[in-house]
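Undergrad: Need coordinates for the following:
(chains A and B)
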Amino acid sequence: MLNKDITVSSAPHIRSGMKTRKIMYIVICSLLPAGMAGVYIFGLSSLKVILISIIACVLSEVIFLMLRNKDPKTVLDGSAILTGLLLAYNLPPEVPFWIPIVGGVVSIMLGKQIFGGLGHNIFNPALVGRAFLQISWPVYMTTWKNPRWALDAVSSATPLAREGSKSFTYMDLFLGNHGGCIGEVCVALLLVGAAILLFTNIISFHIPASFIGTVMFLIWVFGGKGFFRGDFMFHLLAGGLVLGAFFMATDYVTRPLTKKGKIIFGIGCGVLTVVIRLKGSYPEGVSYAILFMNAVVPLIDRYTKTKVYGT
Amino acid sequence: MKKLLQEFSKGVFAENPTFRLALGLCPTLAVSTSVINGFGMGVAATFVIVGSNVIVSAIRNLIPGKIRIPCFIVIIATFVTIVELMMKAYFPVLSNSLGIFVPLIVVNCIVLGRAEAFASRHGMVKSVFDGLGMGVGFTIALVIISSIRELLGNGTVLGLIVAKGFEPALLFILAPGALLIIGLLIGLVNYVSER
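TA: Residues are numbered from 1 along each chain as shown, chains lettered A, B, ... in the order given. Below you'll find the model as predicted:
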């Protein structure tokens, strides 16, 4: 049975300056600018969603750690805060208060702790929470709000859902001047955060590059009327592609280990995203694409295993 | 008598077909969307298990070993046809909502499993109690799963609204909810039985 006195913290165990906790807090910091932009664009209601989501995740992490006879102090590694933040970034700005609570509990319980906590989860916890909410309460999860300075500020669809009915300039999409989830609207500041992660070597370029590249290429080929006429810039800037590719597909626990594996993973995510966006019944497919590819990560890892020297 | 009761109770607890043996999961996933459906399916399956157990055990020495499975299937299919026609005549609503899953009891692994593993090796009386136990265990499991799914996914129990203002989570009525609930319940049962 488990020894109560010994708590093995999550990997990496190699002595280096980069601890799990430090990585988590750098990722959180790099996500903050985009969140602030979301709060600025949609108003304080989105700040409320973010805070409730983080509190729900942290509290359920503490409760489940205690139920599993682990040291509740493990919550300080920041992974629960990050999950809460990412979950909130995937929610529309004006959901009822209990949506982020349910989402947080589901993320931590079904997404993470039931598999054995940080480092053992198969799926990205925040996306598990989002998928749960999306299937359970589709009405709330697709009621979007326009930026607070817009004239029809009540509700609207994301640009992806009503493609063609109203045209957005690329600059609007790039800066976040449109309806959408809290964290995904402002691509400009997401890219700032992504740059921080790339320069601190926390993520490598393989997954985001292959993911986004595949989406843009396939949209260019198949996305328009006839071949090679798709609007790939629109599909890059609208929806959650940037948030998903840089911050969620690159989650340490649920991505492949080798470079080759990461590229396969990114291409798979891209293909699935395009298929869901163009052919599926949902306007957005990034989150389901990542969840699906998370499931095949063990398989990818098996076939891209590096060869032992000499064998 | 005590032995017979043991044959009965093992199907409910120690060898519960859904939670311990993980058999018959396909109908469990499919029909456990409401308590009525779950209960109806459980009773229908119980009738088939008991009936086929009796016949199989009665003619177990006449069936050649090499073609025993086809023989079992014919016997089981007979009872399934009886159930299906009875249900259509007396419970048409239930029959409609269960749909294809009533005829599919023919290939339910619990029924075939009991015929193969128990009834073809034991006497008739024992087989009756074994079939009853398995059927009751299956019914209890279905009722538990379907009441959780109906409550969370539809906000009702037996069709009655439980709480106003509760917004049901559609997920539990759909397939992922069934998988989640069954997984969590099997985990719970394992956790409890390990203590």
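Undergrad: Please count neighbours and contacts with C-alpha atoms only from this point.
TA: Noted.
Undergrad: List the buried residues of the helix or strand hosting B:G113.
TA: With secondary structure defined by DSSP states H and E, B:G113 is part of helix B:109-114. Using 16 or more other CA atoms under 10 Å in any protein chain shown as the burial criterion, the residues of helix B:109-114 that qualify are B:C109, B:I110, B:V111, B:L112, B:R114.
Undergrad: Centroid-nearest residue for the chain?
TA: Picked chain A for this. The central residue of chain A, meaning the one whose C-alpha is nearest the mean C-alpha position (CA atoms, centre = their mean), is A:M248 at 3.6 Å.
Undergrad: oops, chain B please
TA: Geometric middle of chain B (CA atoms, centre = their mean) lands on B:F138, at 3.8 Å.
Undergrad: Paired strands for the worst-scoring helix or strand of chain B on mean pLDDT, with orientation please.
TA: Ranked by mean pLDDT, DSSP states H and E, the weakest helix or strand in chain B is strand B:160-161, scoring a mean of 80. Strand B:160-161 has the following strand partners under DSSP bridges: strand B:156-157 (antiparallel).
Undergrad: who does the residue nearest to B:V162 when sequence neighbours are not counted bridge with?
TA: For B:V162, ignoring the flanking residues on the chain, the nearest one in space by CA to CA, 6 or more residues apart in numbering or on different chains is B:T156 at 5.4 Å. Beta-bridge pairing of B:T156, defined through DSSP bridges, involves B:I161.
Undergrad: what's the neighbour count on B:T156?
TA: Burial of B:T156 is recorded as 20 neighbouring residues (other CA atoms under 10 Å in any protein chain shown).
Undergrad: Quick check: which element contains B:F166?
TA: B:F166 is part of no helix or strand when elements are defined by DSSP H and E.
Undergrad: re earlier: distance from the next helix or strand after the least confident helix or strand of chain B to the middle of the chain?
TA: For strand B:160-161, the following helix or strand on the C-terminal side (DSSP H and E) is helix B:175-194. Between the centre of helix B:175-194 and the centre of its chain there are 16 Å (CA atoms, centre = their mean, to the nearest Å).
Undergrad: can you tell me if helix B:175-194 touches chain A.
TA: No - with CA under 8 Å from any CA of the partner chain as the criterion, chain A is not reached by helix B:175-194; the gap is at least 8.8 Å.
Undergrad: what packs against that helix?
TA: Using 3 or more CA pairs under 8 Å, 6 or more residues apart in numbering or on different chains; DSSP states H and E as the contact criterion, the neighbours of helix B:175-194 among helices and strands are helix B:25-31, helix B:124-154.
Undergrad: again, only using 10 Å
TA: In terms of contacts (3 or more CA pairs under 10 Å, 6 or more residues apart in numbering or on different chains; DSSP states H and E), helix B:175-194 is packed against helix A:125-136, helix B:25-31, helix B:124-154.
Undergrad: Need the residues that contact the second one.
TA: Read that as helix B:25-31. When contacts are taken as CA atoms under 10 Å, 6 or more residues apart in numbering or on different chains, the neighbours of helix B:25-31 outside the stretch itself are B:17-19, B:37-42, B:97-99, B:101-102, B:104-105, B:108-110, B:138-139, B:141-143, B:145-146, B:173-179, B:181-182.
Undergrad: Now the residue of chain B positioned farthest from its centre. Its backbone dihedrals?
TA: With CA atoms, centre = their mean as the measure, chain B has its most outlying C-alpha, relative to the mean C-alpha position, at B:G165: 33.6 Å. The phi/psi pair for B:G165 (degrees, to the nearest 10) reads phi 90, psi -10.
Undergrad: State the distance from it to A:G103.
TA: From B:G165 across to A:G103, the span is 19 Å (CA to CA, to the nearest Å).
Undergrad: for B:P17, same thing?
TA: In terms of CA to CA, B:P17 sits 33 Å off from A:G103.
Undergrad: Also B:I82?
TA: Relative to A:G103, and taking CA to CA, B:I82 is found at 46 Å.
Undergrad: near chain B, which residues of the stretch 51-200 of chain A show up?
TA: Of all the residues in the stretch 51-200 of chain A, those in contact range of chain B (CA under 10 Å from any CA of the partner chain) are A:L110, A:I114, A:A131, A:F132, A:L133, A:Q134, A:I135, A:S136, A:W137, A:P138.
Undergrad: can we see that at 6 Å?
TA: By the criterion of CA under 6 Å from any CA of the partner chain, the positions of the stretch 51-200 of chain A lying close to chain B are A:I135, A:S136.
Undergrad: Just the closest residue of the stretch 51-200 of chain A to chain B, please.
TA: Going by CA to the nearest CA, chain B is nearest to A:S136 of the stretch 51-200 of chain A, at 4.2 Å.
Undergrad: surely that residue meets B:E167?
TA: No - counting by CA atoms under 6 Å, A:S136 does not reach B:E167; the two are 9.4 Å apart.
Undergrad: For the helix or strand that contains B:R68, buried residues please.
TA: Using DSSP H and E, B:R68 sits in helix B:68-90. Neighbour counts using 16+ other CA under 10 Å place B:68, B:72-73, B:75-81, B:83-84, B:87 of helix B:68-90 among the buried residues.
Undergrad: and it, how far out from the chain's middle?
TA: Distance of helix B:68-90 from the chain centroid (CA atoms, centre = their mean) equals 15 Å.
Undergrad: got any ranges where chain A has weak pLDDT?
TA: When residues are selected by pLDDT under 70, those of chain A lie in A:1-8, A:11-18, A:150-158, A:161-167.
Undergrad: quick one: B:Y191 from chain A, how far?
TA: 12 Å (CA to the nearest CA, to the nearest Å).
Undergrad: per-residue confidence for that residue?
TA: Per-residue confidence for B:Y191 comes out at a pLDDT of 88.
Undergrad: The one 3 residues further on too?
TA: As predicted, B:E194 sits at a pLDDT of 85.
Undergrad: Can you report how many residues neighbour it?
TA: Close neighbours of B:E194, defined as other CA under 10 Å, add up to 7.
Undergrad: repeat for A:A209
TA: The number of residues packed around A:A209, counting by other CA under 10 Å, is 17.
Undergrad: Kindly report the same for B:I161.
TA: Other residues near B:I161 number 12, with proximity taken as other CA under 10 Å.
Undergrad: same check, this time on A:F64
TA: A total of 20 residues lie near A:F64 under the criterion other CA under 10 Å.
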